[in-house]
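1. one predicted model, sequence on top.
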Amino acid sequence: MATNPSSTHLVFANLPLSDPSSRASPFGFFSPIHTTIQRPRLVFRTNRSPKLTVAFTGSGDGGHVGGGGGHGHGGGGGHGHGGGGDDANEKNKGEALLALGTLGRSLESLPSDLAAAIDNGRIPAEIVYRFAELEKSTIFRWLLQFGGFRERLLADDLFLAKVAMECGVGIFTKTAAEYQRRRENFIKELDFVIADVVMAIIADFMLVWLPAPTVSLRPPLAISAGPIAKFFHSCPDNAFQVALAGTSYSFLQRLCSILRNGAKLFAVGTSASLVGTAATNALINARKSIDKSLVGEVEDVPIISTSVAYGIYMAVSANLRYQILAGVIEQRILEPLLHEHKIILSALCFAVRTGNTFLGSLLWVDYARWIGIQKVKE
């Protein structure tokens, strides 16, 4: 008996919905602002018998999926709802797919990690629109090919500007801070100054990179992974960052984020110091070979003790300052207030980061003298 080929119909219907904005209040961890919007309803129909209708609609408690003519999650017309996390994931997925349709894009056109995150309901529509907007720039489109940049740019479209700010002003502010602390001893202690500036420039990039808020696109760990590894995998990159819709972080996860970043910055600081002090000692020895009078006057910089001390400084002082700067001052205060005024926002971020860099240089000189790895020269 002949049968008619199946066909699929796409229908849009506007429904008024109460939708929590993805932008959180700058003064609370989880304080969504509620607005009422008209959101299209995406419906797929097929003429096979019995009829099957799958609808993705935005709603206050997550997406609504009907199977086999029933209501709720699950098939066979049953009624039931999973946990709040499942509802939020369904809502995210439906809105993200709708956003892709609006942009004329498909999941296959996206990077694999972003497509998987959308399919798992971990990415809201706002991130999809931001990705499309960033792709319009040649530089951003190239950077979005790399996972680390992709996670950070999707969370903060000014991330690249902040890297440029930090590295650009680093050498000037750190040299100025060294001069203010050392004054008339600046020239005598030039070897210390060079070591400090070289260490700072190497570390500046990582100080922006590691504490930066991210949109996590990492796939779940294997089932065989241990509980500790799974726990740290679920921690945010910034302890104070705003959680995306459908995601939340416990106090312990946020606290462990500080510890994890501290361990990374200890390794970065120690490595940077090894390079910096080695370069300084090479300069000192070159000066001694030219001016023999410096042989007994100028001492080599202690490599091991200086490197370990700088690693500790990075793990504690720099870690806390940059976590607060990126997660509280910028993401929770400045960005919500000035997100429509990018030039003013960039200028304020520049001012705050310049002040933070200068403060860090002052703290390092005092700390180095306090523990005895740098002494005031008479």
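-> Structure's in. What do you need? Keep in mind it's a predicted model, so treat the numbers as computed, not measured. Residues are numbered from 1 along each chain as shown.
2. give me phi/psi at residue 223?
-> Residue 223 has phi and psi values of phi -60, psi -30 when expressed as degrees, to the nearest 10.
3. ditto for residue 186
-> Here residue 186 shows phi and psi, under degrees, to the nearest 10, equal to phi -60, psi -50.
4. that one is in contact with residue 177, isn't it?
-> No. Contact between residue 186 and residue 177 fails when scored by C-beta atoms under 8 Å: they sit 11.2 Å apart. Using the backbone N, CA and C atoms, a C-beta is placed for each residue, glycine as well.
5. okay, the two: which has more neighbours?
-> More neighbours surround residue 177 than the other of residue 186 and residue 177, with 23 against 15 (other C-beta atoms under 10 Å).
6. how far away is residue 187 from residue 223?
-> 62 Å (C-beta to C-beta, to the nearest Å).
7. who has more neighbours, these two?
-> Neighbours per residue (other C-beta under 10 Å) separate residue 187 from residue 223, with residue 187 holding more: 9 against 6.
8. the more buried one: what secondary structure?
-> Here residue 187 is recorded as coil under DSSP: H, G, I helix; E, B strand; the rest coil.
9. pLDDT score for it?
-> You'll see residue 187 listed with a pLDDT of 83.
10. same deal with residue 36?
-> Looking at residue 36 specifically, the model assigns a pLDDT of 39.
11. for residue 269, same thing?
-> Value listed for residue 269 in the pLDDT field: 89.
12. so it is in which element?
-> helix 251-290 (DSSP states H and E).
13. please apply the same query to residue 241.
-> Judged by DSSP H and E, residue 241 forms part of no helix or strand.
14. for it, give its distance to residue 177.
-> 28 Å.
15. again, but for residue 322
-> 17 Å.
16. residue 126 now?
-> Distance from residue 126 to residue 177, by C-beta to C-beta: 39 Å.
17. where does this protein dip in pLDDT?
-> 1-85, 294-299, 377-378 (pLDDT under 70).
18. how about the strands in it?
-> 8-24, 32-46, 53-56 (DSSP state E).
19. could you pull out the residues contacting both of residue 186 and residue 177?
-> Counting by C-beta atoms under 8 Å, 6 or more residues apart in numbering, residue 186 and residue 177 have no common neighbour.
20. hang on, the earlier thing: please identify the buried residues of the helix holding residue 269?
-> If you call a residue buried by 16 or more other C-beta atoms under 10 Å, then helix 251-290 has these buried ones: 254, 256-258, 260-262, 264-266, 268-274, 276-277, 280-281, 283-284, 288.
21. the residue nearest to residue 96 when sequence neighbours are not counted: neighbour count?
-> Excluding the flanking residues, the one nearest residue 96 by C-beta to C-beta, 6 or more residues apart in numbering is residue 118, at 4.6 Å. For residue 118, the count of nearby residues is 25 (other C-beta under 10 Å).
22. residue 92 reaches residue 245, doesn't it?
-> Yes. Counting by C-beta under 8 Å, residue 245 is a contact partner of residue 92 at 6.3 Å.
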